[in-house]
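Engineer: sequence unavailable; structure follows:
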């Protein structure tokens, strides 16, 4: 089992560029999440999904979009990157009957 | 809204000694879950221990144990016989059985001295 994987691991963007972060899990989890981690602020939820074809906003959704077309994949998109989106992004997933989340290795994104 | 507070930005411990990391949370719910995650320099988030609020017994995983005080809304992590590999950022997190997210504290950096 690969668990939760994220692509890419690092990326540098210029202001205004777009990109998509891919999260994949092979544990048949129903729930998937996207967080951002900034110094001194812990992890903050961007968007989440409770099943294939569903998405919902989290705590800091502005500037991001998501899609869950397949149960095992959860995509996070930045349409027009801004320096304020420089962060480390984590994907996580969990079963519907257990509440601990399993995390991917993270993506470090820098927006210049 | 639920909040999680870790009041110690940094802690240090001598190798082989014991250290306790503090966490308090604010909630009006009675059914919830609490977690401690470890984030070493590799950046990977690793689940250390979990506690169900309905259980009175404190959770234990090898050298890691918690002191769960439900009335005081406190959830501290005790690391015994500290090892160099325990050096990491530790996050306390709260979740509910019906909610869809975890709420994280800001984290505590643990340094282990040899």
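Structural biologist: Happy to help now that I have it. Keep in mind that this is a model prediction, so the values were computed, not measured.
Engineer: chain B contacts on chain A?
Structural biologist: Residues of chain A lying close to chain B by Cβ under 8 Å from any Cβ of the partner chain are A:31, A:33, A:40-45, A:48, A:50, A:56, A:58-59, A:88, A:90, A:92, A:99-103, A:105-106, A:108. To be clear about C-beta, it is placed using only N, CA and C from the backbone, and glycine gets the same treatment.
Engineer: ok, 6 Å please
Structural biologist: Within chain A, the positions adjacent to chain B are A:40, A:42-43, A:45, A:48, A:99-100, A:103, A:105-106 by Cβ under 6 Å from any Cβ of the partner chain.
Engineer: mind listing the strands for chain A?
Structural biologist: A:4-7, A:10-13, A:19-25, A:31-37, A:43-49, A:56-57, A:65-67, A:73-78, A:87-94, A:102-103, A:107-111 (DSSP state E).
Engineer: out of those, which one sits most buried?
Structural biologist: Counting by mean count of other Cβ atoms under 10 Å in any protein chain shown, strand A:31-37 has the highest mean neighbour count of the strands of chain A, with a mean of 25.
Engineer: sorry, back to before: out of the strands of chain A, flag the one nearest residue B:77.
Structural biologist: strand A:43-49 (17.2 Å; Cβ to Cβ).
Engineer: mind listing the strands that closest one pairs with, and their directions?
Structural biologist: strand A:31-37 (antiparallel), strand A:56-57 (antiparallel) (DSSP bridges).
Engineer: now residue B:76: which helix or strand?
Structural biologist: strand B:74-79 (DSSP states H and E).
Engineer: now the strands of chain A in a markdown table, with distance to residue B:86 and mean pLDDT?
Structural biologist: Listed next are the strands of chain A as a markdown table, based on distance: least, Cβ to Cβ, whole Å; pLDDT from 0 to 100:
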| stretch | distance to residue B:86 | mean pLDDT |
| --- | --- | --- |
| strand A:4-7 | 23 | 97 |
| strand A:10-13 | 27 | 96 |
| strand A:19-25 | 27 | 97 |
| strand A:31-37 | 20 | 96 |
| strand A:43-49 | 20 | 94 |
| strand A:56-57 | 36 | 94 |
| strand A:65-67 | 35 | 97 |
| strand A:73-78 | 31 | 97 |
| strand A:87-94 | 21 | 96 |
| strand A:102-103 | 19 | 95 |
| strand A:107-111 | 24 | 97 |
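Engineer: with distance to residue B:18 added, can I get these in a markdown table?
Structural biologist: Written out in a markdown table, the entries for the strands of chain A read as follows (distance: least, Cβ to Cβ, whole Å):
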| stretch | distance to residue B:18 |
| --- | --- |
| strand A:4-7 | 32 |
| strand A:10-13 | 37 |
| strand A:19-25 | 36 |
| strand A:31-37 | 28 |
| strand A:43-49 | 27 |
| strand A:56-57 | 41 |
| strand A:65-67 | 42 |
| strand A:73-78 | 39 |
| strand A:87-94 | 30 |
| strand A:102-103 | 27 |
| strand A:107-111 | 34 |
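Engineer: now do the residue lying farthest from the centre of chain A, the pLDDT please.
Structural biologist: Distance to the chain centre peaks in chain A at residue A:97, reaching 21.4 Å (criterion: Cα atoms, centre = their mean). The model reports residue A:97 with a pLDDT of 79.
Engineer: roughly how far apart are the residue sitting nearest the centre point of chain A and residue B:48?
Structural biologist: By Cα atoms, centre = their mean, chain A has its centre lying nearest to residue A:34, at 3.0 Å. Between residue A:34 and residue B:48 the computed distance is 22 Å (Cβ to Cβ, to the nearest Å).
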